[in-house]
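Enquirer: here is the input, now give the coordinates:
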Amino acid sequence: MRGVLFFALHPKRLLGLIATLLAGTLYVWFAAVLSAPGVQRRKASAREAWRMRDRTRSGSS
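Expert: Numbering: from 1, shown residues only. Below is the predicted model of the structure:
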């Protein structure tokens, strides 16, 4: 109960806790995605496919 009151009575501390948890979660997620096997290869392949896409506009006369 004391720990809950520590944050409930001080909104800035609660916001800081939420921001810290969000930042930590995002950091771990990005680290996991970047270290996963084949991610860089797939990203390079996707970039190449994007560059080589058909750029003709349909519907123009």
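Enquirer: how many residues are close by residue 17?
Expert: Residue 17 has 13 neighbouring residues, counting by other CB atoms under 10 Å. Any C-beta I mention is one placed from the backbone N, CA and C, and that applies to glycine too.
Enquirer: dump the residue contacts of it.
Expert: residue 7 (CB atoms under 8 Å, 6 or more residues apart in numbering).
Enquirer: could you say which helix or strand holds it?
Expert: Taking DSSP states H and E as the definition, residue 17 sits inside helix 11-35.
Enquirer: low-confidence ranges, this structure, go.
Expert: Counting by pLDDT under 70, the chain contains low-confidence ranges at 59-61.
Enquirer: what about residue 7, how many residues nearby?
Expert: Count around residue 7 with other CB under 10 Å applied: 15.
Enquirer: need the contact list for it.
Expert: 13, 14, 17.
Enquirer: change it to 6 Å
Expert: 13, 14 (CB atoms under 6 Å, 6 or more residues apart in numbering).
Enquirer: how far away is it from residue 38?
Expert: 41 Å (CB to CB, to the nearest Å).
Enquirer: can you give me the buried ones in stretch 14-22?
Expert: Residues of stretch 14-22 include none that count as buried (16 or more other CB atoms under 10 Å).
Enquirer: before we move on, back to that, next one: the helix holding residue 17 to chain centre, how far?
Expert: How far helix 11-35 lies from its chain's middle: 10 Å, per CA atoms, centre = their mean, to the nearest Å.
Enquirer: check stretch 1-10 too.
Expert: 30 Å.
Enquirer: now do stretch 18-38
Expert: 7 Å.
Enquirer: switch to numbering from 51
Expert: With 51 as the first residue, the last one maps to stretch 68-88.
Enquirer: tell me the secondary structure at residue 87.
Expert: coil (DSSP: H, G, I helix; E, B strand; the rest coil).
Enquirer: and it, what are its phi and psi?
Expert: Per-residue torsions, residue 87: phi -60, psi 140 (degrees, to the nearest 10).
Enquirer: check the gap between it and residue 75 for me.
Expert: 22 Å.
Enquirer: who's more crowded, those two?
Expert: A count of neighbours by other CB under 10 Å puts residue 75 above the other of residue 87 and residue 75, at 10 against 7.
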